[in-house]
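K.L.:
Below is the sequence, then the predicted model.
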Amino acid sequence: MNGFTPELLDRCISCGFCLPACPTYALTKDETSSPRGRITLMRALEEGTLPGNDLRLQEESSFCLGCRACETVCPAGVQYGALLEEWRDRQWQGTRRPLIVWLLMSAVNSPWRVRLLGLFRRHARTRPSPSGPHLMLGCFERALYPEVSRAARRLHPELAAPAAQGCCGALHAHNGDSARGRQMAAELGERLPGTIVTTSGGCAAHLADVLGRDRVKEISEYSTGEDLPETGARIALQDSCHLRNGLGVWREPRALLERMGEYVELPSAGSCCGAAGSYALVRPRDSARILDAKLDEIEAAGIDYLAVVNPGCHRQLEQGLRRRKSSVRVVHLAELAAGAVRPADR
Amino acid sequence: MKTVSRGEPMDATVLRELRAIVGADHVRHADGDVAAYARDATPLFSARPGAVVHPGSTEEVSAVLKLAGARSVPVVPRGAGSNLCAATVPLSGGIVLVLTRLDRILEISADELLAVCQPGVTTAELSGAVAAHGLLYAPDPGSRTVATIGGTIATCAGGLRGLKYGVTRNYVLGLQAVLATGEVVRTGGRLWKDVAGYDLTRLLTGSEGTLGVITEATVALTPAPEASGTGLAYFATLADAGRAVARIIGSGLLPATLEFLDARCIDAVESYARLGLRTDAGALLLFGDDGDASPVGRHLARMAELCLVEGALDATVAGAAAESEALLAARRCALPALSRLGSVTILEDASVPRPRIAEMVDRIDAIAGRHDLTIATFGHAGDGNLHPTCIVDAGDTDATERAHHAFGDIFRTAMELGGTITGEHGVGAAKLPYLTERLGAGQMALLRRIKAAFDPAGILNPGKLGS
Ligand SMILES: Cc1cc2nc3c(=O)[nH]c(=O)nc-3n(C[C@H](O)[C@H](O)[C@H](O)COP(=O)(O)OP(=O)(O)OC[C@H]3O[C@@H](n4cnc5c(N)ncnc54)[C@H](O)[C@@H]3O)c2cc1C
Ligand code: SF4
Ligand code: SF4
């Protein structure tokens, strides 16, 4: 079993600056559910002062959203996301991995399975291009929100979007199999030569980590000079955690939205909505607790659209708002930009 | 120096009674539940408590202390655990009593210029909330985003504005605290003038959780300044910077900010953040002021001028707020930059009379050389408060031992120059060995008598102040 990379673990100076940034600390006010507390647990695991089967150790490795908000405020530059991957690599083996996660990971483990997910869905489809740029279709996005890739191609007709491209491996990387996660990203990189444009912030961050930052463009980074429709609507944004905290991309989507309507900054736009990859499925109650405060905020903001840049957030917020019978519509930024949202939809 | 213990398991009846007081969810005792409370922001100190308790009200705190007193169980109050003197490390085991659930701001009064809040509110939350009313909560420790009001009062935290605004003790009007016996006391109140009795508010301020548990605080506010600005000067030596500081203050100016970095810090910051700092300089001085816009501008220009008079290599005043931010970044980056030089960052704290800063830094350099260590120093030039910071590697026990000796020398040197072993971080377990040298046996005995009056059973944060 692999240990932690000493340089990653040693980096933390235990200053505690990350506590106020952490959504699970905000919920509990318990050090053990904070980034610093979790790093102390990882250290205890590494030093052998806590056994790998310690219940709380297991619990915290799963309670953590993996949102990486802690990284942005850390003065010592701790790469918490990388530490969490190593932690779950160690802790989430065999039966310790939640069943639902195992099922999801199996569903996306090979390109043909990913194709299957989107088989009867009308997502964008073209031949591959020898040199790119390519549009990444995603695994769950092609199944759940096929209209997003169509909108992306309407906005950027030059993007090739072959169906046989596979999954980027972020799901594996975040759930205890980072080696396979990296391999999948590398394979996707080979299947889609040239620049890879993605409509999913989470995939963008993982791909950039493996393929290099310059190969990957998230759609709002890629879209700059286009003519954008003026919607006349009030629009807010939910950041994608990894896009914001991992890649530092947060100004770009705002700049686009400002050109399309009256942009409203939600106070918690930058913090996790609780979707957090497979988190909403693994820990629905905690996920809902995190989402709830945000829904209050959205309903109070008097907006027409809530723009998202990641399929997980899309689903989480759409379901949350639907439960509350809210009139706010959740749309992907690409759909707004491509004029795919009709005013009547409002 | 390194203390590690697994923590005595907590007695089952005590646990049962604790659960009856605060609810089962708020009492934890399993190894994995208490491990994170073995330490705070202080390196090299660690000891697991027997239980961690998160009370939700003053009454619960009182009941917990009564129980602990009856059973002689140590209780260590804890806020955010950001202190740098091992003040919350439960060296004798027992209960760590975490006040972070008490996180409400109860009142902000613009008429009375005061706020009332619970101890778990962070300094930044309080500052932000009062700022919305056009008011300022002046205490401004570097850790403001995380440090709690309870913790900052219990350590009498300082910060970047000490010279002009004073420190935490200057802003505490009244406290509600639970003594070790479970008695709830209210000291002071909402008054600026009140000399009825000994000043127990001040006694609790800086008591590091050894006299009582603060459960509510009434703090003084000031009107928020209209404007603020910053400037930066480089000097060939720290001695030159020291003379500039003396001249600025001697000229009748009272800067809101006067921070310095020594040459090692400048190097570290520059190689980490590439801010374009001058690495040929021996010292960097940041100066700043706040108040009405037009005097602020005048003051800053005058400070820059005085720096040049004292031989500054260069002195600039930031034009816009964004530029100010860029200058302050140099100071903010000091710790992150230094921490990257090794795996263990020992951030220390000593104070000397303002005119002796340069001399003190020279002596620190000599001590570092003697012990073959890297020690870089930054700090608050306005109030003589220095933060010598030593970087070692986790595995290097020899270097850690040398650092221990070097800091002993540094504290003794500070006292020799008329200074003290800690300006703002506190005594905790880390500085207790030096406290007798600072206070003398007579005062130490007095401290113990005071401690005994508040905490006859000696259960509150044992092994720290008053022990
Ligand atoms: C990077 C960094 C920068 C820092 N900068 C500064 C600075 O500029 N100035 C400065 O002064 N300090 C600074 N500190 C130190 C630290 O932030 C302060 O000491 C702060 O006051 C601690 O607050 P806390 O809530 O974390 O308290 P804790 O660390 O939890 O506790 C500190 C002490 O207070 C006691 N205590 C806590 N809450 C209560 C309560 N409710 N009732 C009774 N006792 C209580 C504890 O028992 C302990 O003795 C810095 C620390 C770090 C890591
Ligand atoms: S902010 Fe960074 S260095 Fe500080 S405790 Fe958190 S992870 Fe560690
Ligand atoms: S990744 Fe998010 S939830 Fe996990 S420790 Fe960091 S801030 Fe907290």
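P.N.:
Right, received. Where do you want to start? Ligands and ions are numbered 1, 2, ... in the order given.
K.L.:
which residues touch B:Gly134?
P.N.:
When contacts are counted by Cβ atoms under 8 Å, 6 or more residues apart in numbering or on different chains, B:Gly134 touches B:Ala110, B:Pro223, B:Ala224. Where you see a C-beta, it was placed from the backbone N, CA and C, and this is true even at glycine.
K.L.:
pretty sure B:Ala51 is touching B:His29, no?
P.N.:
Yes - here B:Ala51 reaches B:His29: they are 4.3 Å apart, a contact under Cβ atoms under 8 Å.
K.L.:
picking that back up, what about the contacts of B:Gly134, which one has the most neighbours?
P.N.:
For the contacts of B:Gly134, the largest neighbour count, defined by other Cβ atoms under 10 Å in any protein chain shown, is 16 neighbours, found at B:Ala224.
K.L.:
Show me which of B:Ala51 and B:His29 is the more surrounded one.
P.N.:
The neighbour comparison of B:Ala51 against B:His29 (other Cβ under 10 Å) goes to B:Ala51, with 27 against 19.
K.L.:
ok now do the more buried one, which residues does it touch?
P.N.:
B:Ala51 neighbours (Cβ under 8 Å, 6+ apart): B:Met10, B:Val14, B:Leu15, B:Leu18, B:Val27, B:Arg28, B:His29, B:Val34, B:Gly94, B:Ile95, B:Val96.
K.L.:
Tell me if stretch B:29-45 is near chain A.
P.N.:
Yes - if you take Cβ under 8 Å from any Cβ of the partner chain as the test, stretch B:29-45 does meet chain A, through B:30-33, B:35-43.
K.L.:
Name the residues of the stretch 301-450 of chain B found near ligand 1, please.
P.N.:
Neighbours of ligand 1 within the stretch 301-450 of chain B, by Cβ under 6 Å from any ligand atom: B:Leu335, B:Glu424, B:His425, B:Gly426.
K.L.:
Out of the residues you listed, which end up buried?
P.N.:
B:Leu335, B:Glu424, B:His425, B:Gly426 (16 or more other Cβ atoms under 10 Å in any protein chain shown).
K.L.:
check whether whichever strand or helix holds B:Ile153 contacts ligand 1.
P.N.:
Per DSSP states H and E, B:Ile153 falls inside helix B:149-155. Yes - looking at helix B:149-155 against ligand 1 by Cβ under 6 Å from any ligand atom, the contacts come from B:Gly150, B:Gly151, B:Thr152, B:Ala154, B:Thr155.
K.L.:
Mean pLDDT per helix and strand in chain B: which one sits at the bottom?
P.N.:
helix B:321-332 (a mean of 82; mean pLDDT, DSSP states H and E).
K.L.:
Could you tell me the average pLDDT over the next helix or strand along the chain from that helix, please?
P.N.:
Using DSSP H and E, the next helix or strand after helix B:321-332 towards the C-terminus is helix B:334-339. In this model, helix B:334-339 carries a mean pLDDT of 89.
K.L.:
Other residues contacting helix B:334-339?
P.N.:
A:11, A:13, A:15, A:75-77, B:142, B:261, B:265, B:268-269, B:271-273, B:345, B:347, B:376, B:378, B:389, B:391.
K.L.:
And for stretch A:275-284?
P.N.:
For stretch A:275-284, the surrounding residues in contact (Cβ under 8 Å, 6+ apart) are A:62-63, A:65-67, A:98, A:100-101, A:104, A:170-171, A:174-175, A:202, A:241, A:274, A:286-287, A:310, A:312-313, A:315-317.
K.L.:
which residues sit in contact with residue 238?
P.N.:
If you meant another chain, say so; for now it's chain A. Contacts of A:Gln238 by Cβ under 8 Å, 6+ apart are A:Leu266, A:Ala269, A:Cys273, A:Lys294, A:Leu306, A:Ala307, A:Val308, A:Val309, A:Cys313, A:Leu317.
K.L.:
ah, I was thinking of chain B
P.N.:
Contacts of B:Leu238 by Cβ under 8 Å, 6+ apart are B:Phe260, B:Asp262, B:Gly282, B:Ala283, B:Ile357, B:Ala358, B:Val361, B:Asp362.
K.L.:
just those residues now: which is nearest ligand 1?
P.N.:
Ligand 1 has its nearest neighbour among those in B:Phe260, at 14.1 Å by Cβ to the nearest ligand atom.
K.L.:
Sketch out the helices for the stretch 151-300 of chain A, chain order is fine.
P.N.:
A:170-174, A:178-191, A:201-211, A:219-222, A:241, A:251-260, A:279-282, A:284-300 (DSSP state H, counting those that start in this stretch).
K.L.:
And those: which comes nearest B:Ala236?
P.N.:
Nearest to B:Ala236 among these is helix A:251-260 (40.7 Å), distances taken as Cβ to Cβ.
K.L.:
Using PDB, list the CA coordinates for that closest one.
P.N.:
Taking Å, rounded to 0.1, in the frame of the first residue of the first chain, the C-alpha atoms of helix A:251-260 are listed here in PDB:
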ATOM      1  CA  ARG A 251     -13.300  35.700 -13.900                       C
ATOM      2  CA  GLU A 252     -13.900  34.200 -17.400                       C
ATOM      3  CA  PRO A 253     -17.400  32.900 -16.900                       C
ATOM      4  CA  ARG A 254     -18.400  36.100 -15.200                       C
ATOM      5  CA  ALA A 255     -17.000  38.200 -18.000                       C
ATOM      6  CA  LEU A 256     -19.200  36.300 -20.500                       C
ATOM      7  CA  LEU A 257     -22.300  36.400 -18.400                       C
ATOM      8  CA  GLU A 258     -21.900  40.200 -18.000                       C
ATOM      9  CA  ARG A 259     -22.100  40.500 -21.700                       C
ATOM     10  CA  MET A 260     -25.400  38.500 -21.900                       C
END
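K.L.:
List the buried residues for that helix?
P.N.:
Quick answer for helix A:251-260 (16+ other Cβ under 10 Å): A:Glu252, A:Pro253, A:Arg254, A:Leu256, A:Leu257, A:Met260.
K.L.:
The first one and ligand 1: what is the separation?
P.N.:
In this case it means A:Glu252. 31 Å (Cβ to the nearest ligand atom, to the nearest Å).
K.L.:
Kindly report the same for the last one.
P.N.:
Relative to ligand 1, A:Met260 is positioned 41 Å away (criterion: Cβ to the nearest ligand atom).
K.L.:
Report the contact partners of that residue.
P.N.:
A:Leu228, A:Pro229, A:Glu230, A:Thr231, A:Ile235, A:Leu336, A:Ala337.
K.L.:
Tell me the pLDDT of the first one.
P.N.:
Spelled out, it's A:Leu228. Model confidence at A:Leu228, given as pLDDT, is 90.
K.L.:
who are the neighbours in contact with it?
P.N.:
A:Leu256, A:Arg259, A:Met260, A:Ala337.
K.L.:
can those residues go into TSV with extra columns for pLDDT?
P.N.:
Formatted as TSV, the contacts of A:Leu228 follow (pLDDT from 0 to 100):
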residue	pLDDT
A:Leu256	96
A:Arg259	94
A:Met260	94
A:Ala337	93
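K.L.:
Write out the residues of chain A neighbouring ligand 1.
P.N.:
So far as Cβ under 6 Å from any ligand atom goes, chain A lies against ligand 1 at A:Cys15.
K.L.:
Just want the most central residue of chain A.
P.N.:
A:Gly202 (3.1 Å; Cα atoms, centre = their mean).
K.L.:
Which residues does the one helix or strand in chain A whose mean pLDDT sits lowest contact?
P.N.:
Taking mean pLDDT, DSSP H and E as the measure, the helix or strand of chain A with the lowest value is helix A:111-117, at a mean of 82. Applying Cβ under 8 Å, 6+ apart, the contact partners of helix A:111-117 are A:106-108, A:139-140, A:142-143, A:163-167, A:191.
K.L.:
hmm, which of these are the buried ones?
P.N.:
A:Ala107, A:Val108, A:Cys139, A:Phe140, A:Arg142, A:Ala143, A:Ala163, A:Gln165, A:Gly166, A:Cys167.
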